[in-house]
Each structure stands twice: as C-alpha cells, then as structure tokens.
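Asks: below are the sequence and a predicted model; questions follow.
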Number of protein chains: 2
Amino acid sequence: MAEPSLQALTEALRRLPGVGQKSASRMAFHLLQHDREGARLLARALEQAATQVRHCSLCHTFTEDEVCATCRSPQRDRAKLCVVETPADQAAVERTQAFNGLYFVLMGKLSPLDGIGPKDIGLAKLFDRATAGELQEVILATNFTAEGEATAHVIGEALKQRGLKVSRLARGVPAGSELEYVDLGTIAHALVDRRMK
Amino acid sequence: MAEPSLQALTEALRRLPGVGQKSASRMAFHLLQHDREGARLLARALEQAATQVRHCSLCHTFTEDEVCATCRSPQRDRAKLCVVETPADQAAVERTQAFNGLYFVLMGKLSPLDGIGPKDIGLAKLFDRATAGELQEVILATNFTAEGEATAHVIGEALKQRGLKVSRLARGVPAGSELEYVDLGTIAHALVDRRMK
C-alpha cells in the first residue's frame, strides 16, 4: 500500500464530503481495478467543472455564463424572487413547477459559529437586487433548521425595512401524512399557520 | 441544474462505488463551492494513478514498478505464500505483522454467476509461481464468504495435486468477544477447528 500515486488518490478522494479512509480506498481500488476509463472521465469532468463553473452575476447560482439560464429567461416572472440556500434547494423548488419567478441563491446560510456572516452569503447583492427593478415579493425558502430560520429572519427584517413584501414558505403537515405520526412541533406550526377556507 | 459541466461532473462521480444521484450532486456542489483546489487535486491524482498504477508481474497487486516492493524485499520469507482476494485484504494481513512471507493477490474471486472464472483471477500464474522456487506452504486467506470459500477450495485442491502444503486461515471466535453474543455458525466452526492445548 506504499505506492505514492495510490496513496495520493486515496487522500484526494477523502476530500469528498462523506468519504472516509475505508470508502476512499475502496473507491480507489474499484477505479483502478474495474474502471480506469471512469477514473479518466472523472478527472476530466473535475478539471472542466473547476475551470468553467462560476457564479451567476445576478442570482449567485452555478453557471458557465455571466448570467444563468433562469435569470436570462424571458418567460420568468420578474416580480417574484425566491431566496434559497443552495443550488440543490433551487432545483427542488424548480421540480415542483409551482414557482415561475427568479431566484437568489445564498450559497450558504448565516452561521456565526462557523464564521459565516452576511458578506459570505452575498446579502448586500441580494438587497441591491431586491430594491432595483420591478420586484414585488421576496419568498424566503431557506431551510427550516436553526440557521436557515435565523437567515430568513435577518433577510426578512432587512427587506421589510426597505419596504418590500416578504413571505416565508408555509410550515405544516407534509402531503400524504397521517396526523398520528407527525411530530408535535409540526402540528403546532400547522395550527398557528392554519388557513381560512 | 442544466449546466453541462456540472451535469458531466455529477454523472462521473456516480461511477464511484456507493455513490448515487444525491451524494454525487452533494459532492459536486461541495467541491465547486468550498474546495476547487481539492477538485483539481483529485483530477490530477486520478489521472496520475490511472496512468501509473499497474499490476506486479509476480503477485498481481497494484504497483508502479514491474515488481512490487514486497516481492522485491530480501527480508520476506520466500517459503510462504499468502493468497488474498484484494490489495485491501493484503494490507489487512500486513497490519497484523504476523506474516512475513510473500503474497499472491487474486484481484477478485471465482464467481461463475458474474462470469468470473480462473483466468480472471490469474490462477495459472499462481500455480506457476507456487510450483517454481523454494515455496513450501500456501496460506489461503480469501474471505469467508460463499465465493471466497469456493475460491479457496478450488485453489487448495489444485495446489495439493501439485504436491504443495496448503493451509487456510482459522475460523473461530473473534478476539475480545463473548460467546453469548457470537453467532452459532462461528461457535460451531470454533468447535470443529478446536486446538489441542
């Protein structure tokens, strides 16, 4: 196991999230034994993505262009802006086909304990964007975790001060679930946020 | 999510064992957002390993040279040969520091259902090597799975026909375990393979 290139590969694979020593060495062995073509393909894809992918100058999501396809699209409703934490969250909202506005991707969340402040998630840019143009409503779709909620609160207050309409994704009982098996916090939120018929 | 280089990266990451769609896209986002240097490092390590790593001409393990360091070492006991399935298994035996002989790494196991026969795990080469030189004992250290046991059986019979001394790793109760919690098959094997004091 002292081969330098094998050790270097195992150590490099450990930089992937969720990959420890054992998985990394299993991955390295698999690629070398059964899929060298896959190894070369992955090498090229990594190099290519690391070089070409940058952030959309308007919404901060990953793109290969100056402005991403969503921001460029003439079919999107420019009166609504949905604020999400990551491109994966953006993709989840897109898959619902229930939102046709634009996005702002924070690429993170406020997390003072990890040293992540307003600058790191581009809040100044978000505020600039929110106050310029024909924007009418900002929908806060950060996660319903402690940090996500705090981030939504900070952004919401700042945008309200700037006179914008701000909303937050509804909290409530998930589709298809039975009350008996839903946790109490969720039911409590669904009661507080109940909707008039 | 339609960026071609991001999609290509996610698909390439899915070729890693144990990585599905969600993990692959999490890995891609992580590298692009927090660790581009890691992405480039991994790209170089993959390319390097795919190009430089080959199989030792004597024992079949991964090496960058014609013959691996273990096979070249003058300190190893050339009278004993330990047959293992993979370089990872070889590393496990090495870590015990209880074996100072040479290895033969099958780089797989007999598995007729997957179309893996004697040729794929280099048995002809193993038999050549076992009958040439000063070899006295072959220790079969394939895994204690159905395929590993079958592989050990086939190799053992063939080597015994060639007049060689063949042994198999002992089956028994793992170190530090309490009988109450050991599975019955293991205790049964430990009884059959019991050792005279």
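Replies: Perfect, thanks for sending it.
Asks: residues in contact with stretch A:140-153?
Replies: For stretch A:140-153, contacts defined as Cβ atoms under 8 Å, 6 or more residues apart in numbering or on different chains pick out A:82-85, A:89, A:93, A:106, A:109-111, A:121, A:155-156, A:166-169, A:171. Yep, even glycine has a C-beta here, placed from its N, CA and C like the rest.
Asks: tabulate the CA atom coordinates of it in PDB.
Replies: The C-alpha coordinates for stretch A:140-153 follow below in PDB (Å, rounded to 0.1, in the frame of the first residue of the first chain):
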ATOM      1  CA  LEU A 140     -37.800  33.200   1.800                       C
ATOM      2  CA  ALA A 141     -37.200  29.500   1.100                       C
ATOM      3  CA  THR A 142     -34.200  28.800   3.300                       C
ATOM      4  CA  ASN A 143     -34.300  25.500   5.200                       C
ATOM      5  CA  PHE A 144     -36.300  25.100   8.400                       C
ATOM      6  CA  THR A 145     -33.200  24.500  10.500                       C
ATOM      7  CA  ALA A 146     -32.000  26.800  13.200                       C
ATOM      8  CA  GLU A 147     -29.500  28.500  10.900                       C
ATOM      9  CA  GLY A 148     -32.000  28.600   8.000                       C
ATOM     10  CA  GLU A 149     -34.700  30.200  10.200                       C
ATOM     11  CA  ALA A 150     -32.200  32.800  11.500                       C
ATOM     12  CA  THR A 151     -31.100  33.600   8.000                       C
ATOM     13  CA  ALA A 152     -34.700  34.000   6.900                       C
ATOM     14  CA  HIS A 153     -35.400  36.300   9.800                       C
END
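Asks: that stretch - what's its average pLDDT?
Replies: Regarding stretch A:140-153, the rounded mean pLDDT is 92.
Asks: mind listing what's buried along that stretch?
Replies: Using 16 or more other Cβ atoms under 10 Å in any protein chain shown as the test for burial, stretch A:140-153 gives A:Leu140, A:Ala141, A:Thr142, A:Asn143, A:Glu147, A:Gly148, A:Glu149, A:Thr151, A:Ala152.
Asks: cool, stretch A:189-196 as well?
Replies: A:His189, A:Ala190.
Asks: likewise stretch A:171-182?
Replies: Within stretch A:171-182, the residues that count as buried by 16+ other Cβ under 10 Å are A:Gly172.
Asks: quick one: mean pLDDT for that stretch?
Replies: 87.
Asks: now what about that stretch, what contacts it?
Replies: A:Phe144, A:Thr186, A:Ile187, A:His189, A:Ala190, A:Asp193.
Asks: circling back: list just the nearest of the buried residues of stretch A:140-153 to A:Asp77.
Replies: Of all these, A:Ala141 has the smallest distance to A:Asp77: 15.4 Å, by Cβ to Cβ.
Asks: what values do phi and psi take at that closest one?
Replies: phi -120, psi 40 (degrees, to the nearest 10).
Asks: roughly how far apart are it and B:Glu94?
Replies: 52 Å (Cβ to Cβ, to the nearest Å).
Asks: over to A:Gly20?
Replies: For A:Gly20 relative to B:Glu94 (Cβ to Cβ), the value is 20 Å.
Asks: surely A:Gln75 forms part of a strand?
Replies: No: note on A:Gln75: no strand contains this position according to DSSP: H, G, I helix; E, B strand; the rest coil, which reports coil.
Asks: OK, contacts around it?
Replies: A:Asn100.
Asks: and A:Gly133, how many neighbours?
Replies: Residues lying near A:Gly133 (other Cβ atoms under 10 Å in any protein chain shown) number 11.
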